[in-house]
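Novice: Here's my sequence, what's the structure:
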Amino acid sequence: MPKSKTGAAALENAAGAPRVPARHLRLVGCPMDLGADRRGVDMGPSAIRYAGISSRIRALGHMFSDAGDVPVPIPETRRPGRGPKYLKEIFKACERLSRRVEQSLTKGETPLVIGGDHSIAIGTITGVASYYRKNNEKIGLIWVDAHADMNTPDTSPTGNIHGMPLSAVLGMGAQQLVHLGGFTPKVSPENVALIGIRDLDPAEKEIVKTSGIHAFTMRDVDEMGMAKVMRVALNAVNADTAGFHLSFDLDGLDPEIAPGVGTPVRGGIGFREAHLLMEMVADSGRMLSIEATEINPILDTKNKTAELMVELIASALGKRIL
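Specialist: Okay, here's the model as predicted:
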């Protein structure tokens, strides 16, 4: 007699969910260390490589290639300037990154961008949105983070651009960043899902509330459960879009499991919640590109945080329990 099918495997077969098709992942490192005050995230791309990202992706049946790192100056060689800190340098780095991301998509590859602080998302999302814009399509965005990253130069208490990238891609903030790539916004608010937030500045809260995005706090995750949060989020980011970009800030996770981040906040997404999030990303079959940011090896324990991110990326690319 044939073996019985139980649990998720049975549901998967009953629903006819397709297996994740083979992809060609192209890693692009962006060792940005200009968007925040605390140093160390420029080593994030190296930490992810050392954690075995290439072998893990290939073991899943995908192709993998490494495009190296986008050149980014270190803070010691520049001055912060007036207004948002290191605006000129961050703009140039994001411009380079956006071109690499768009070129990767043009070749039929899936960009895998590793940072670096979260200001790099301005470049990544510009590249993805630019590619699909040329085909008269728009993109969705899942943004996992402890912070909303929706400050503007007028509301930011620090002037650090890593607290502004989501507002920039939505068309708010420093005009040089807002108009990167020659168009704005990069994504429509109704197609954005922000998951895991728990530490926002007072003025930033009002921006989030009035922005029109789908924002899920950790209380929402607690009350609804990650599965329901992701079902709502996936519906939003896939509504009339070509698919979605996934931007994952490691401080969205609880520091108990991800200590190697620059701005840890207690009470974050747990181990199984994070894997469920990524597994549902894989099941959707709609992820266009992915990035991981704010990995700080200086503050980590034996590369624990980078190794976890590699595991999570594997889940987003089809790794299954059964």
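
Novice: Spatially central, which residue of the protein would that be?
Specialist: residue 247 (1.2 Å; CA atoms, centre = their mean).

Novice: Tell me if I am right that it is in a strand.
Specialist: Yes. Judged by DSSP: H, G, I helix; E, B strand; the rest coil, residue 247 forms part of a strand.

Novice: Quick check, it in contact with residue 293.
Specialist: Yes. If you go by CB atoms under 8 Å, residue 247 and residue 293 touch, sitting 7.1 Å apart. Every C-beta, even on glycine, is put in place using the N, C-alpha and C of the backbone.

Novice: can you list residues touching both of those two?
Specialist: Shared contacts of residue 247 and residue 293 (CB atoms under 8 Å, 6 or more residues apart in numbering): 118, 121.

Novice: The spatially closest residue to residue 101 that is not a sequence neighbour: which element?
Specialist: Nearest residue to residue 101, sequence neighbours excluded (CB to CB, 6 or more residues apart in numbering): residue 127, at 2.9 Å. Using DSSP states H and E, residue 127 maps to helix 121-133.

Novice: could you check the angle helix 121-133 makes with the helix or strand that that helix is followed by?
Specialist: Remark: after helix 121-133, the chain's next helix or strand is strand 140-144, criterion DSSP H and E. For strand 140-144 against helix 121-133, the angle by axes from the mean of the first three to the mean of the last three CA atoms, to 10 degrees is 160 degrees.

Novice: Determine the set of other helices and strands touching strand 140-144.
Specialist: When contacts are defined as 3 or more CB pairs under 8 Å, 6 or more residues apart in numbering; DSSP states H and E, strand 140-144 packs onto strand 192-197, helix 226-237, strand 244-249.

Novice: mind checking which of those is nearest residue 215?
Specialist: strand 192-197 (4.6 Å; CB to CB).

Novice: After the closest one, which helix or strand is next? Please name it.
Specialist: Assigned by DSSP H and E, the successor of strand 192-197 is helix 202-211.

Novice: so how far is that next one off the chain centroid?
Specialist: For helix 202-211, the separation from the chain centroid amounts to 21 Å (computed by CA atoms, centre = their mean, to the nearest Å).

Novice: Which other helices and strands does the following helix or strand past that helix contact?
Specialist: Downstream of helix 202-211, the next assigned helix or strand under DSSP H and E is strand 214-217. Applying 3+ CB pairs under 8 Å, 6+ apart, we find strand 214-217 packed against strand 192-197, helix 226-237.

Novice: Reformat those as TSV; add distance to residue 219.
Specialist: Shown next, in TSV, are the helices and strands packed on strand 214-217 (distance: least, CB to CB, whole Å):
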stretch	distance to residue 219
strand 192-197	10
helix 226-237	11
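
Novice: Those: which one's closest to residue 274?
Specialist: Using CB to CB, the helices and strands packed on strand 214-217 put helix 226-237 closest to residue 274, at 8.3 Å.
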